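Asks: generate coordinates for the sequence data below:
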Amino acid sequence: MFNFDELTKSVADGQVAEAAELTQKALAAQVPAKELLDKGLLPAMNLVGTDFENGQIFLPELLMAGDAMKASIELLRPGLSSTGAAYAGKYVIGTVEGDLHDIGKNIVILMLEGNGWEVTNLGRDISPQRFCEEIEKGSYDILGLSALLTFTMPKMPETINFLKEAGLRDKVKIMVGGAPLNQSFADQIGADAYARDAVEAVVKAKELLNK
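Replies: Take a look at the predicted model:
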């Protein structure tokens, strides 16, 4: 039986080679990619996010954990992506200003692309102005705002207000996500949807597109 805790620890500790090796072994043993994601990688992301916010680890450790997560995710990509998915829509996504986390966002991107979405990844630490610039020049169906730290959550309503002031709010649907968020917060700030994980993000994105 595969030890998911070992994979979680290797990712959280930023052990890139070990995380990749454990992922390869699990896949060779026919462990489903979705199970590896849910039981090995996502717990690591939550652990790292909590430790960073509590000051138990710092930026270098955070970035190393991100690299380890990416190494595993790349190996899981074929198993997580649905084949021959029809084109769904255009999605632009970024982590809000002051937040350097992109692990969860990258998983969302992987799932969206696997389900036919054309995704533009703005990256992390993205200012409200930068989001507005992208919406103004691009033709997107949905804007995704990601945050993993409680103190960066206020950048979400700030971004939405920037869009309103620029006359761009009605141009795009807005979806928010991240560990500290919930539906109540999404409703409060005027977002169109909230997704608690990458799988739900795909479902909610499709619902928004069909509205």
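Asks: which secondary structure elements does the longest strand along the chain contact?
Replies: In the chain, assigned by DSSP state E, the strand with the most residues is strand 118-126. Secondary-structure packing of strand 118-126 (3 or more C-beta pairs under 8 Å, 6 or more residues apart in numbering; DSSP states H and E): strand 90-96, helix 103-114, helix 128-137. C-betas here are computed from N, CA, C, even on glycine.
Asks: who wins for proximity to residue 145 among the ones you listed?
Replies: Nearest of the helices and strands packed on strand 118-126 to residue 145, taken as C-beta to C-beta: strand 90-96 at 5.7 Å.
Asks: who does that closest one pair up with?
Replies: strand 118-126 (parallel), strand 142-146 (parallel) (DSSP bridges).
Asks: specify the angle between that strand and helix 128-137 in degrees.
Replies: Counting by axes from the mean of the first three to the mean of the last three C-alpha atoms, to 10 degrees, strand 90-96 lies at 170 degrees to helix 128-137.
Asks: give me the distance from strand 90-96 to the chain's centre.
Replies: 9 Å (C-alpha atoms, centre = their mean, to the nearest Å).
Asks: what do you get for stretch 138-151?
Replies: 9 Å.
Asks: just the CA coordinates for that stretch, please, in CSV.
Replies: Extracted C-alpha coordinates of stretch 138-151, given in CSV (Å, rounded to 0.1, in the frame of the first residue of the first chain):
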residue,chain,number,x,y,z
GLY,A,138,-8.0,40.6,-23.4
SER,A,139,-11.2,38.8,-24.2
TYR,A,140,-11.8,36.5,-21.2
ASP,A,141,-14.9,34.7,-20.0
ILE,A,142,-13.7,34.3,-16.4
LEU,A,143,-11.1,35.9,-14.1
GLY,A,144,-9.8,33.7,-11.2
LEU,A,145,-8.4,35.3,-8.1
SER,A,146,-6.4,33.1,-5.7
ALA,A,147,-5.2,33.7,-2.2
LEU,A,148,-3.8,31.4,0.5
LEU,A,149,-3.1,33.9,3.2
THR,A,150,-5.8,35.6,5.3
PHE,A,151,-4.0,39.0,5.2
